[in-house]
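Undergrad: Here is my input, please return the structure:
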Amino acid sequence: MTHRPSLRGLLALTFLLQSCSSAGQLIGAERAPVLPQHPQIRAAFNQREDRGYISPISGQWRPGDNLEALILEAIHSARSEVLVAVQELSLPAIAKALAQQHHRGIQVKVVLEHLYSQPWSEEHDAGLTPHQRQRKRQLSALADRNADGHLSEGERQQGDAVGILLRAGVPLIDDTADGSKGSGLMHSKYLVVDGQIVITGSANFTASGIHGDPGAPQTRGNTNHLLQIESPALAALFRQDFERMWGDGPGGRNDSRFGLGKGQRAAQLVRVGDTEIAILFAPHRRHDPRNGLALIAAELAEAKEQIDLALFVFSAQSLTNQLASQLQKQVRLRLVADPGFASRPFSEVLDLLGVAMADRDCRIERGNQPLQRGAEGVGTPQLARGDKLHHKFAVIDRKTVITGSFNWSPSAAHQNDEVLLVIRSPQVAAHFTQEMDRLWRSADLGITERLRRKLERNRQRCGSGIERN
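TA: As a prediction, this is how the structure comes out:
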């Protein structure tokens, strides 16, 4: 049984814990080997070390798989149908490829999150949030092909991906098509081609998500991956999810279904060659035992030796509790989390480190249960300034991979349109383990000096905090 302290005095206890930061180490590690791919499941990582490409953003050679090229290749291969459901699509080359296929008579349908479904070139700065203005500046830099700091009308039209789709007449809807103001988030990220090929993973179809920020050559893109899976059975399940969102398309009845309106279904199993894949489409109601967090917890409970986690958002207390149980059984844990998220008050990374942090109102999350003794093997990787660790994957005992668009959060499980995959394949797992090894080599483990200072400031301002009702 894991013993946990009361909330009162948690922050004071922080500084009694062993909290020296250290870097992750791999004994005897050298350059990553080139791994064979599964015959029907190709794993691609935009920052892997064993291959590289010329970035279309910076023009520089950089390590990693070209995820945009993977997407373009699939679109160009289409003979009958291309279905796209992605939170954000802002790469003009992908939009042009979709428009070209549409003009050829191939059925193309696109679903976007409503926050990103309007042409950015038609937006006025006065009506934008600071984040939206920053996004517009980056997309303007991407469209400025001659880098003269001025956008011609041609550059605007050719550099606005959503504008390209709309001018070409490509059918497009967002998550307001059900008559609502939008679901939690239309956060899925997938492409289905000809009912045969599925591309899915953690990456949005954006420069920042794949190559790096326009105008910032030091960035390499948010750390992401995509899987290309050849399976008519799996493609059929993705198509069903897509059609629930699509309804009768733009301009028709309000029969599109997003979020909880899609109806809740249990995870479904398919075989891809010799590999079993479980696929779950979120969201589910909070008391539905088929929800994504419950599926992840069940998989973590099966671990016998090692759990590797690379996570953008981790805010689900139930999964921390499951990890605590596995740590008691001497299961090894390696966790790298996005540095920007890891030290937020609702981050479960803090719980695993054995500390708590009050929010700006000096409130502690209700039911917060930090470990009494911080877990080893928990930290954050070193990334280029401006990049995020955007993965959402786990590798269990080097043979099972959990991945998809699904962040490890209540919002992903109960509000957002999401994809969650469980892939039982040591061959596929080897690629994710290699990516984990790469991130682990630069990870700062434990309570870093920066986090220590942040905790001290929080303690001085809020004391032990007050539990939220």
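
Undergrad: Relative to Asp444, how far out is His391?
TA: According to Cβ to Cβ, to the nearest Å, His391 and Asp444 sit 17 Å apart. (Each C-beta comes from the backbone N, C-alpha and C, glycine too.)

Undergrad: Likewise for Leu352?
TA: Taken as Cβ to Cβ, the span from Leu352 to Asp444 is 14 Å.

Undergrad: the more surrounded of those two?
TA: The residue with more neighbours, out of Leu352 and Asp444, is Leu352; 25 against 20, by other Cβ atoms under 10 Å.

Undergrad: I'd like to know the average pLDDT value across the helix or strand hosting the more buried one.
TA: Using DSSP states H and E, Leu352 sits within helix 348-353. The pLDDT scores in helix 348-353 average 96.

Undergrad: One more: stretch 440-458?
TA: For stretch 440-458, the per-residue pLDDT averages 93.

Undergrad: Show me which residues of it are buried.
TA: For stretch 440-458, burial by neighbour count (16 or more other Cβ atoms under 10 Å) applies to 440, 443-448, 451-452, 455, 458.

Undergrad: Pull up the pairing partners for the host helix or strand of Thr200, direction included.
TA: Using DSSP H and E, Thr200 falls within strand 197-201. Applying DSSP bridges, strand 197-201 is found paired with strand 189-193 (antiparallel), strand 225-230 (antiparallel).

Undergrad: and it, average pLDDT?
TA: Mean predicted lDDT for strand 197-201 stands at 98.

Undergrad: can you pull the buried residues of it?
TA: Applying 16+ other Cβ under 10 Å to strand 197-201 flags 197-201 as buried.

Undergrad: I'd like these written out as JSON lines, with distance to Arg48 added.
TA: Converted to JSON lines, the buried residues of strand 197-201 look like this (distance: Cβ to Cβ, whole Å):
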{"residue": "Ile197", "distance to Arg48": "21"}
{"residue": "Val198", "distance to Arg48": "21"}
{"residue": "Ile199", "distance to Arg48": "17"}
{"residue": "Thr200", "distance to Arg48": "18"}
{"residue": "Gly201", "distance to Arg48": "13"}
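
Undergrad: Tell me the one among those nearest to Leu371.
TA: Gly201 (30.5 Å; Cβ to Cβ).

Undergrad: The closest one and Leu98: what is the separation?
TA: Between Gly201 and Leu98 the computed distance is 19 Å (Cβ to Cβ).

Undergrad: Setting aside sequence neighbours, what's the nearest residue to the spatially most central residue of the chain?
TA: With distances taken as Cα atoms, centre = their mean, Ser202 lies nearest the centre of the chain, 3.8 Å away. Nearest residue to Ser202, sequence neighbours excluded (Cβ to Cβ, 6 or more residues apart in numbering): Asn224, at 4.8 Å.

Undergrad: Any idea how many residues pack against the one you found?
TA: Number of residues near Asn224 (other Cβ under 10 Å) recorded here: 28.

Undergrad: who's in contact with it?
TA: Counting by Cβ atoms under 8 Å, 6 or more residues apart in numbering, Asn224 touches 45-46, 67, 201-203, 209-210, 390-391.

Undergrad: can you rerun that using 10 Å?
TA: The contact partners of Asn224, by Cβ atoms under 10 Å, 6 or more residues apart in numbering, come to 44-47, 64-65, 67, 189, 201-204, 206, 208-210, 312, 387-392.

Undergrad: PyMOL command for the buried members of these?
TA: Buried members of the contacts of Asn224, defined by 16+ other Cβ under 10 Å, are picked up in PyMOL with:
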select buried, resi 44+45+46+47+64+65+67+189+201+202+203+204+206+208+209+210+312+387+388+389+390+391+392
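
Undergrad: Looking at the contacts of Asn224, which are in helices?
TA: Of the positions in the contacts of Asn224, 67, 208-210 sit in helices, assigned by DSSP state H.

Undergrad: elements contacting the helix or strand encompassing Leu319?
TA: Assessed by DSSP H and E, Leu319 sits inside helix 317-328. Using 3 or more Cβ pairs under 10 Å, 6 or more residues apart in numbering; DSSP states H and E, the elements in contact with helix 317-328 are helix 292-301, strand 306-311, strand 332-337, helix 348-353, helix 410-414.

Undergrad: C-terminal to the last one, what's the next element?
TA: Going back to what we said before, that points to helix 410-414. strand 418-424.

Undergrad: What segments of the stretch 151-300 of the chain are helices?
TA: Using DSSP state H, counting those that start in this stretch, the helices of the stretch 151-300 of the chain run over residues 153-159, 161-167, 207-210, 232-246, 292-301.
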